[in-house]
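Engineer: Provided below are the primary sequence and the corresponding predicted coordinates.
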Amino acid sequence: MASVISNAKAAAGMAPGDRSPASSFSFGIYIFFLIDFFLHLSARFPAYGVIRPTLVLVLIISLSLFLQRERFKGWTKDPIVYSLGVLLIYIIVSLPLVEWPGSVIKNNLGDFVKAVVFFYFTVLLVDTEKRLKILFFVFVLCQVLRVFEPLFLNLTEGYWGSSTHLGHGEFSQRLAGAPSDVINPNELGFVIVTAIPFLHYILWSWNLKARLLYIVILPPLMYALILTQSRGAFVALLVIGFFIFKESKRKMMLIVVTIAIALLGWQVMNDEQKDRYLSLVGKSETSNAASVDGRIQGMFREFSLGLERPIVGHGLGTTPEAKTHILGSRQASHNLYAELLIELGFVGAFIFISFLVKVYRRLVDSSKTILTSRGENNTFYMNLNKALIAVFWMYAAYSFNYWGLSQYYWYFFAGSVVVFYRMINLHEPSGLLQEESSRPANRFSNLVDVPQKR
């Protein structure tokens, strides 16, 4: 007991900067890794791409973390970290039992590893409030730039990047990522709806200049979303809108603004864009309606495909292969939950969903901590927590329209939640820490004991 109280008191008097954080070099390389990944620098600069920068950066960061490993003792005891570790062990242990282990190793393992490192790099390298703010600033800025670049090219050069078939030999142009980017219209829509909640909750609640910046940034994002014709992103936007409305103290004014934006957006749409969004409610007059029905039927077929090997699945990343061999069509409906069942089986799907549940519970715990805390920067943490909760449910909804097991977004998000929870506990006032001293300490690292919230 004396040890616990002593640790709590030590934590109370310890500023984040006194925690011997990971080296600035490691963190700087990670930030550059994010910029390189999101802005696809290797595609923009071919000579730079020859050195395979993503692999080189991952190796440099991993080596740097290994050399600093003494600073991270006990970090795996965090429940989210532990849960993801269980998933990794399961994938390794079940490999000999899946349908196509060779495909997993040869073709799919690399993409999964490249996605998972976002979690571990974030958890280990983002260990101060300043670094947390830099992380989200760089992340959101990169997403905004990924939207503005193709939008600018569209307005100045007529660039679209993709199209969708309307039937009878007709096509409708859709805005995709920039030529140096690799994202299709649905993925560009995903980028847009990911950035909006962070911009709204952080900028709108900051100061007048930040609000003006938000007002300047939001219309181009919304217009770009219209040009993508992404119905999944539109539904995800409704999820974000629900949380903004729920948290708003001026609901009537928000309703009026929303109606005005909707009317303006409808006016700037052409007939093809209107028809595509109307297909969500069965009012389409083209093949857009059939594509909605086809997407729904495709989801059911993929879930039934998962029942072909329900225990351990067909193997990591083998959804297209399984569809080709069993259903006769490689085209996927882009559903994370079906993907989990097909590739990992019921066991792996349960582990992954448990991982997501732990992430959400941490956000709930963070809300309670912030509400009872009298620490500094409470407004920032409260608004960031609201943004994270909105993004969580948006991701959960969008995952019905988007794969994600070997994509970065859930892992980066989960790592950010781990760091966020740690930061708000580090900023607990000493009085509250001493009130918690009788509870078991969560030995997240050898640097500081974080009180375990109930």
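Structural biologist: Cool, got the structure.
Engineer: tell me where the protein has strands.
Structural biologist: Along the chain, counting by DSSP state E, strands occupy 161-167, 170-175, 441-442, 450-451.
Engineer: mind listing what's buried in the longest helix seen in the chain?
Structural biologist: The longest helix of the chain (DSSP state H) is helix 336-372. Under the neighbour-count criterion of 16 or more other C-beta atoms under 10 Å, helix 336-372 has 336-346, 348-349, 351-352, 355-356, 358-360, 362-363, 365-367, 369-370 buried. Where you see a C-beta, it was placed from the backbone N, CA and C, and this is true even at glycine.
Engineer: nearest residue to the spatially most central residue of the chain other than its sequence neighbours?
Structural biologist: The residue lying closest to the centre of the chain (C-alpha atoms, centre = their mean) is residue 409, at 3.2 Å. Using C-beta to C-beta, 6 or more residues apart in numbering and skipping the chain neighbours, the partner closest in space to residue 409 is residue 395 (6.5 Å).
Engineer: gap between that neighbour and residue 389?
Structural biologist: Distance, residue 395 to residue 389, using C-beta to C-beta, to the nearest Å: 11 Å.
Engineer: repeat for residue 349
Structural biologist: 23 Å.
Engineer: how near is residue 253 to residue 87?
Structural biologist: In terms of C-beta to C-beta, residue 253 sits 44 Å off from residue 87.
Engineer: likewise residue 50?
Structural biologist: 34 Å.
Engineer: so for those two, which sits in the more crowded spot?
Structural biologist: Legend: neighbour count by other C-beta atoms under 10 Å for residue 50 and residue 87, higher for residue 87 (17 against 9).
Engineer: quick one, phi/psi of residue 73?
Structural biologist: In terms of degrees, to the nearest 10, the main-chain angles of residue 73 are phi -60, psi 130.
Engineer: and it, how many neighbours?
Structural biologist: If you count neighbours by other C-beta under 10 Å, residue 73 ends up with 13.
Engineer: and for residue 175?
Structural biologist: Residues within reach of residue 175, counting by other C-beta under 10 Å, total 25.
Engineer: go on, residue 55?
Structural biologist: Per other C-beta under 10 Å, the neighbour tally for residue 55 reads 11.
Engineer: go ahead and confirm residue 418 touches residue 122.
Structural biologist: Yes - the pair residue 418 / residue 122 is scored as a contact, 7.5 Å apart, by C-beta atoms under 8 Å.
Engineer: from the contact counts, what lies against the longest helix of the chain?
Structural biologist: Counting contacts by 3 or more C-beta pairs under 8 Å, 6 or more residues apart in numbering; DSSP states H and E, helix 336-372 is packed against helix 79-94, helix 288-306, helix 319-322, helix 378-398, helix 409-426.
Engineer: settle this for me: residue 118 is touching residue 410, isn't it.
Structural biologist: No - contact criterion C-beta under 8 Å: residue 118 and residue 410 do not qualify, at 9.1 Å.
Engineer: so what's residue 51 up against?
Structural biologist: Shown in contact with residue 51 (C-beta atoms under 8 Å, 6 or more residues apart in numbering): no residues.
Engineer: how about it, phi and psi?
Structural biologist: Residue torsions, per degrees, to the nearest 10, at residue 51 are phi -80, psi 0.
Engineer: against residue 64, how distant is it?
Structural biologist: 18 Å.
Engineer: and residue 183, how close does it get to residue 141?
Structural biologist: Distance from residue 183 to residue 141, by C-beta to C-beta: 17 Å.
Engineer: neighbours around residue 252, how many?
Structural biologist: Residue 252 has 8 nearby residues by other C-beta under 10 Å.
Engineer: pLDDT score assigned to it?
Structural biologist: For residue 252, the model assigns a pLDDT of 85.
Engineer: likewise for residue 188?
Structural biologist: Among the per-residue scores, residue 188 shows a pLDDT of 95.
Engineer: residues touching it, list them.
Structural biologist: Residue 188 touches 146, 147, 150, 175, 176, 177, 224, 228, 230, counting by C-beta under 8 Å, 6+ apart.
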